[in-house]
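Enquirer: sequence isn't available, so here's the structure alone:
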């Protein structure tokens, strides 16, 4: 009986050791996600600076079509609304520059998230803007690349106030 119990314990231990998940190298996925985010913002930089680019296609390539974007002014909007808002804003923006800071990416098999600070500086309707925008993307693997399935952005108090000030000034101009 002791031999049977001993064999049973050995069998259980060997079965448990086989259940351990196989760890895979995800550093390549994290690097790919960083590159894709940088490429997206390079595309936006080009569009804002007058380089002909189809911004709808740019968003379609990096974002799932059913994504909702949580804006820094507290509105959740479908990505199509974000695209049309970008189209309306393009003519009023000059000297646009952006950079990504403090990017952190964590990959979980078929899902991932990326957190970073987006810095944007530009002239909006002739008024200087300098934005500090903490941003989070949730991504899912799509074959050999990643797509953004959720986007959330925050802003500091100064950014929101400056944008509101410019909006008020723009509305008060005589036509």
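Expert: Thanks, I have it. Remember, it's a predicted structure, so these values are computed and weren't measured experimentally.
Enquirer: and the longest helix anywhere in the chain, how far out from the chain middle?
Expert: Using DSSP state H, we find that the single longest helix of the chain is helix 27-48. Put simply, helix 27-48 sits 9 Å off its chain's centre (C-alpha atoms, centre = their mean, to the nearest Å).
Enquirer: tell me the angle of the helix or strand following it relative to helix 27-48?
Expert: Sequence order places helix 55-62 as the next helix or strand after helix 27-48, per DSSP states H and E. Relative orientation of helix 55-62 versus helix 27-48 (axes from the mean of the first three to the mean of the last three C-alpha atoms, to 10 degrees): 170 degrees.
Enquirer: in whichever helix or strand comes after helix 55-62, what's buried?
Expert: Next in sequence after helix 55-62, counting helices and strands by DSSP H and E, comes strand 68-70. Under the neighbour-count criterion of 16 or more other C-beta atoms under 10 Å, strand 68-70 has residue 69 buried. From N, CA and C alone the C-beta is placed, and that goes for glycine too.
Enquirer: please identify the buried residues of the next helix or strand after strand 68-70?
Expert: Using DSSP H and E, the next helix or strand after strand 68-70 towards the C-terminus is strand 76-78. Residues of strand 76-78 include none that count as buried (16+ other C-beta under 10 Å).
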